[in-house]
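Enquirer: kindly generate the corresponding structure for this input.
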Amino acid sequence: MLKHYFTAILSFFAIAFSFAQVEKEIAPPYNIRTVTLTQNGQNIVPLIKFGDSFQLEFDDLFGNEANYYYVIQHCDYDWKPSQLVKSEYLQGFDDQRIQTYTNSFNTLQIYSHYALAIPNRNTSLLVSGNYVIKILNEDKDVVFTKKMIIYEDAVSVPMQVKRTRNVSEINFKQNLDFSIKSANILFQSPLKNVKVLLLKNGQISTGITNVPAMYTIGNDLIYKYDAETQFWGGNEYMYFENKDIRAANNNIGKVQSTGGLYSSLLYTNNARAGQQYTFYPDIDGNFIVKNINAENNNVEADYAWVYFTLSAPAYYGKGDIYVTGMFNNYALTPEFKMDYNKDRAVYEKAIMIKQGFTNYQYTIADKNGKIDEANAVDGNFYQTENNYFAIVYYRENNQRYDRVIGKGVASSVDIIN
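Expert: Numbers count the residues shown, from 1 in each chain. I've put the predicted structure just below:
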């Protein structure tokens with residue numbers, strides 16, 4: 001009888017975990033801006049080596065020193081909550097108030113700047129894997145969430161970016177060849193237990209998943225696919241610079257002030273699809289908060305209304321166009337969707353952005369948020385400089401979570417045929 005009871009309990013938990021909801025990133029509300037992960041004061045893509053310290057930072061435009069709390073969820077490869085209980089992946093406890101915050105100083109836009117350091121005196125991470133940080137308000141409602149991947153350095157992942165082998169797409173796509181090698185781990189059932197996540201410029205939402213090894217040589221896993229591991233090349237990110245918020249700097253045609261915030265009116269961008277590739281150095285979608293007259297950019301950099309204008313009449317009616325980049329976590333939300341001005345035949349959008357140096361791009365998507373990369377507004381070119389990452393997951397037989405055992409990095413600057 002007791003045996004049947006435990007069998008029923010285990011079956012219940014197995015079913016519960018199988019129907020667990022996939023954790024999705026929840027975009028922040030209007031008042032929450034400049035959400036970023038940082039190390040040593042620099043914005044980073046959400047890939048962090050196990051044991052390294054980092055911070056989650058954001059601004060609250062209400063500037064009223066509101067109380068925010070954090071909860072950390074460990075997830076499996078598919079971003080469903082893992083079977084680990086909290087004490088198995090956290091040392092200490094979460095659901096604590098963020099205690100490090102500072103009000104803005106000498107800015108037109110008031111805000112409170114929050115910084116959550118991990119590890120801290122209450123919380124540290126015990127295992128690698130996928131994590132979701134949930135920021136809650138005083139009513140314990142979720143304000144926004146942020147995904148990140150904590151990886152170990154247990155395997156080497158040599159990678160090479162190549163042009164696609166499909167002749168019809170050879171000028172538009174970039175393909176990844178890589179392998180997984182380890183002298184410390186003897187892989188058990190590697191075709192089943194080893195999984196990879198391929199990322200372009202660290203963007204989790206557009207990653208490639210569920211690609212098994214093509215074959216194995218001893219303990220080495222080899223990935224040499226044609227179509228399964230390739231990305232559209234895209235184009236170089238555009239940028240603007242308003243570190244001196246009162247001056248028309250790079251790519252800013254005009255600056256206005258009507259008694260409120262400064263407005264930076266960018267030059268009109270033309271759709272670059274169909275044009276020749278032009279080398280245009282970027283920082284792969286990242287941004288740098290900077291006020292040239294400030295000592296502490298976190299609280300002395302101001303916000304400005306940035307006016308984007310895109311001339312792309314051929315795309316009218318073919319999908320929604322958004323302004324995206326790391327500054328808004330590539331969010332496809334109404335706040336960043338451009339409006340079409342029929343009188344001028346241009347797309348327009350005004351977005352409040354913290355001053356500094358900002359990369360951005362135009363993203364076309366359907367009503368369901370599916371990105372149409374094949375018909376990108378700025379085209380696709382094999383010459384485009386992109387950073388690629390291969391994240392390696394491994395679950396030993398009878399293990400209860402997916403470890404992240406390594407990371408490979410390659411740049412298309414070194415692309416070969």
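Enquirer: near Glu373, how many other residues are there?
Expert: Glu373 sits with 18 neighbouring residues when counted by other Cβ atoms under 10 Å. Placement of C-beta: from N, CA and C, glycine included.
Enquirer: next one: Glu300
Expert: The burial metric for Glu300, expressed as a neighbour count using other Cβ under 10 Å, is 17.
Enquirer: contacts only, for it.
Expert: Neighbouring residues of Glu300 by Cβ atoms under 8 Å, 6 or more residues apart in numbering: Ser104, Phe105, Asn106, Thr107, Asn291, Asn293, Ala294.
Enquirer: show the buried residues in the residues you listed.
Expert: Members of the contacts of Glu300 that pass the buried threshold by neighbour count (16 or more other Cβ atoms under 10 Å) are listed as Ser104, Thr107, Asn291, Ala294.
Enquirer: in CSV, list these along with pLDDT, distance to Gly406 and secondary structure.
Expert: Written out in CSV, the entries for those read as follows (pLDDT from 0 to 100; distance: Cβ to Cβ, whole Å; DSSP: H, G, I helix; E, B strand; the rest coil):
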residue, pLDDT, distance to Gly406, secondary structure
Ser104, 97, 40, coil
Thr107, 96, 42, coil
Asn291, 96, 39, coil
Ala294, 92, 39, coil
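Enquirer: Met148: which of these is nearest?
Expert: Ser104 (26.1 Å; Cβ to Cβ).
Enquirer: make sure that closest one is actually in contact with Asn64.
Expert: No: because the distance of 11.9 Å does not satisfy Cβ atoms under 8 Å, Ser104 is recorded as not touching Asn64.
Enquirer: what is in contact with those two at once?
Expert: By Cβ under 8 Å, 6+ apart, the residues touching both Ser104 and Asn64 are Ser112.
Enquirer: wouldn't Asn201 be in contact with Asp284 here?
Expert: Yes: counting by Cβ under 8 Å, a contact exists between Asn201 and Asp284, whose distance comes to 4.5 Å.
Enquirer: so for those two, which sits in the more crowded spot?
Expert: A direct count of neighbours by other Cβ under 10 Å for Asn201 and Asp284 places Asn201 higher, at 22 against 18.
Enquirer: list the contacts for the more buried one?
Expert: Contacts for Asn201 (Cβ under 8 Å, 6+ apart) come out as Val45, Asp284, Gly285, Asn386, Asn387.
Enquirer: not counting sequence-adjacent ones, nearest residue to the fourth one?
Expert: Taking Cβ to Cβ, 6 or more residues apart in numbering, and ignoring the residues beside it in sequence, Asn386 has Ser412 as its nearest neighbour in space, at 4.8 Å.
Enquirer: all strands for the stretch 301-417 of the chain, in order.
Expert: Per DSSP state E, counting those that start in this stretch, the stretch 301-417 of the chain carries strands over the ranges 303-311, 320-324, 339-341, 346-354, 356-365, 387-394, 403-411.
Enquirer: then the stretch 151-300 of the chain?
Expert: Along the stretch 151-300 of the chain, the segments classed as strands by DSSP E, counting those that start in this stretch run 159-163, 173-180, 194-200, 215-217, 220-223, 230-232, 238-241, 252-257, 262-266, 269-270, 287-289.
Enquirer: run the chain-centre distance for the last one.
Expert: By that I understand strand 287-289. Using Cα atoms, centre = their mean, to the nearest Å, the mean C-alpha position of strand 287-289 is found 15 Å from that of the whole chain.
Enquirer: what pairs with that strand, parallel or antiparallel?
Expert: In the sheet containing strand 287-289, its partner strands are strand 356-365 (antiparallel), by DSSP bridges.
Enquirer: thinking again about what came up before, how far away is the residue nearest to Asn386 from Asn387?
Expert: When Cβ to Cβ, to the nearest Å is the yardstick, Ser412 and Asn387 sit 8 Å from each other.
Enquirer: circling back: in CSV: the contacts of Glu300, plus distance to Val211.
Expert: Rendered in CSV, the data for the contacts of Glu300 read as follows (distance: Cβ to Cβ, whole Å):
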residue, distance to Val211
Ser104, 45
Phe105, 49
Asn106, 51
Thr107, 47
Asn291, 44
Asn293, 49
Ala294, 45
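Enquirer: and the furthest pair within those?
Expert: Every pair of the contacts of Glu300 checked by Cβ to Cβ; the farthest is Ser104 and Asn293, at 14.1 Å.
Enquirer: and for the residue most central in space within the chain, nearest residue in space, chain neighbours not counted?
Expert: Most central in the chain under Cα atoms, centre = their mean is Gln203, positioned 4.0 Å from the mean C-alpha point. Excluding the flanking residues, the one nearest Gln203 by Cβ to Cβ, 6+ apart is Tyr330, at 5.9 Å.
Enquirer: closest one to Lys181 among the strands of the stretch 301-417 of the chain?
Expert: Closest approach to Lys181 among these is made by strand 403-411 (9.2 Å; Cβ to Cβ).
Enquirer: packing partners of that closest one?
Expert: Secondary-structure packing of strand 403-411 (3 or more Cβ pairs under 8 Å, 6 or more residues apart in numbering; DSSP states H and E): strand 129-136, strand 142-151, strand 159-163, strand 173-180, strand 387-394.
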